[in-house]
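Asker: next one to model:
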Amino acid sequence: MAVRMNVIRRAQDLPREELFMPGHGLCAGCTASTIVRHLLKIAGKNTIVVNATGCVEVSTTMYPYTSWKVPWIHVAFENAAAVASGVEAAIKSLKRKGIIDPNKEIKVIVLAGDGGTYDIGFQALSGMLERGHKIMYVLYDNEAYMNTGIQRSGSTPPHAWTTTTPIGRVMRGKPQPKKPIGEIVAAHRIPYVATTNVAHFIDMDNKFIKGLEAEGPSFIHVLQPCTAGWKFDPRLGIKLARLATQTAMWINWEIDHGEFRVTVRVPKRKHVKHYLKPQGRFKGLTDDEIEEIQKIVDTEVERINKMVGEEVIGPVVE
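Answerer: Okay, here's the model as predicted:
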């Protein structure tokens, strides 16, 4: 039988064992390594990770080395969820045959970026969710195809610069809004869906716990500031992640068996300019364009507060 994991209340509650090792090739200041390190501390040794092509994949397994101390499988952009489904089904079969101890808990986790989730891998993801496989899917969201040259994805926010959505006289960054992938996933009526943020690691870690303990599929969406694609000083990754929450450009919420709640409240909100201006991908935006982004955020905050039935995200206070 599975042993229930303890709630994380402080950093000291995290397991000491390291299952994600140093020496990888991720960029200086990349917050993906922090996400993966915490993920494996929570999941533990009896874990199989299926990793879609992306920054984490290419940077942590440079032949003949690896940073992973758990079984790890690299698959293509489009099929991580399908491969994980096969792994989970195989474990069930081996347990029925007595080849694996039926009481042994083996966790199956998909790790993929926004390109492999929002876009190329969505069909396989939807199928995995519909079939009900007990898999936790972790999306590390750096809001573009960073590994292949910083092209826009369905996750890229409006007015953000990418190599395929430049900010110039004609095009003013990406014209479309960010796709609400968490709510699209939640429409599959799976047990647990959450958004979280590497700056709020207690919130993140406890959502990993809930996702792993769910009786079916779970989906954890983590914001992952990218120093190369977002064009910021490598020292500012966690600060920017925190500003994303403080400005409500990113809201930490969860849907636990159909119950929606905001897990990190922001009583006094900062203007989005505090989040946008340190990032080179928003350099060149006019004050009017920044205010346009602010209005988009204001509308979303109003919607979230109505869903919760109280003001969990407060007004803008300069």
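
Asker: every contact and neighbour count from this point should use C-alpha atoms.
Answerer: OK.

Asker: and for Leu94, the neighbour number?
Answerer: Using other CA atoms under 10 Å, Leu94 is surrounded by 13 other residues.

Asker: hmm, I typed the wrong one, I wanted Asp101.
Answerer: 11.

Asker: check which helix or strand covers it.
Answerer: Applying DSSP states H and E as the criterion places Asp101 outside every helix and strand.

Asker: for it, report the pLDDT, please.
Answerer: As predicted, Asp101 sits at a pLDDT of 97.

Asker: can you offset everything so residue one is 359?
Answerer: Yes, from this point I'll number from 359; that puts the last item at Asp459.

Asker: so which elements touch the lengthiest helix in the chain?
Answerer: If you go by DSSP state H, the chain has its longest helix at helix 645-666. Applying 3 or more CA pairs under 8 Å, 6 or more residues apart in numbering; DSSP states H and E, one finds that helix 645-666 makes contact with strand 617-620.

Asker: need the contact partners of the strand it packs on.
Answerer: If you take CA atoms under 8 Å, 6 or more residues apart in numbering as the criterion, strand 617-620 is touched by Ile609, Asn610, Trp611, Glu612, Ile613, Met665, Val666, Val670.

Asker: out of those, which are inside strands?
Answerer: Those of these mapping onto strands are Trp611, Glu612, Ile613, per DSSP state E.

Asker: what's the closest of those to Ile449?
Answerer: Ile613 (27.7 Å; CA to CA).

Asker: so what's that closest one up against?
Answerer: Ala544, Pro549, Tyr550, Val551, Ala552, Arg619.

Asker: just the ones of those in helices?
Answerer: Counting by DSSP H, the contacts of Ile613 place Ala544 in helices.

Asker: now the contacts of Ile613 in a markdown table, with neighbour count?
Answerer: Below are the contacts of Ile613 laid out as a markdown table (neighbours: other CA atoms under 10 Å):
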| residue | neighbour count |
| --- | --- |
| Ala544 | 21 |
| Pro549 | 21 |
| Tyr550 | 26 |
| Val551 | 28 |
| Ala552 | 28 |
| Arg619 | 19 |
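
Asker: out of the contacts of Ile613, who's nearest Val394?
Answerer: Nearest member of these to Val394, counting by CA to CA, is Ala552, at 16.5 Å.

Asker: ok, that closest one - contacts?
Answerer: Contacts of Ala552 (CA under 8 Å, 6+ apart): Gly540, Lys565, Phe577, Ile578, His579, Asn610, Trp611, Glu612, Ile613.

Asker: hey, where'd the helices end up in the stretch 509-658 of the chain?
Answerer: 539-544, 559-571, 585-588, 595-604, 631-634, 645-666 (DSSP state H, counting those that start in this stretch).

Asker: turn those helices into TSV, including distance to Ala482 and mean pLDDT.
Answerer: Output for these, formatted as TSV (distance: least, CA to CA, whole Å; pLDDT from 0 to 100):
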stretch	distance to Ala482	mean pLDDT
helix 539-544	12	98
helix 559-571	19	97
helix 585-588	26	97
helix 595-604	29	97
helix 631-634	33	98
helix 645-666	29	98
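
Asker: of all the ones you listed, which one is nearest Lys403?
Answerer: helix 559-571 (13.4 Å).

Asker: what helices and strands are in contact with that closest one?
Answerer: Counting contacts by 3+ CA pairs under 8 Å, 6+ apart, helix 559-571 packs against helix 390-401, strand 550-555, strand 576-581.

Asker: now do the end-to-end distance for stretch 515-524.
Answerer: End-to-end distance for stretch 515-524, by CA to CA, to the nearest Å: 13 Å.

Asker: buried ones in that stretch?
Answerer: In terms of neighbour count (16 or more other CA atoms under 10 Å), stretch 515-524 has its buried residues at Pro515, Pro516, His517, Ala518, Trp519, Thr520, Thr523, Pro524.

Asker: most tightly surrounded among the helices and strands packed on helix 559-571?
Answerer: strand 550-555 (a mean of 27; mean count of other CA atoms under 10 Å).

Asker: now the angle from that strand to strand 576-581?
Answerer: Using axes from the mean of the first three to the mean of the last three CA atoms, to 10 degrees, the inter-axis angle of strand 550-555 relative to strand 576-581 is 10 degrees.

Asker: ok, of the contacts of Ile613, which one's closest to Tyr423?
Answerer: Within these, proximity to Tyr423 (CA to CA) peaks at Ala552, which comes in at 32.6 Å.
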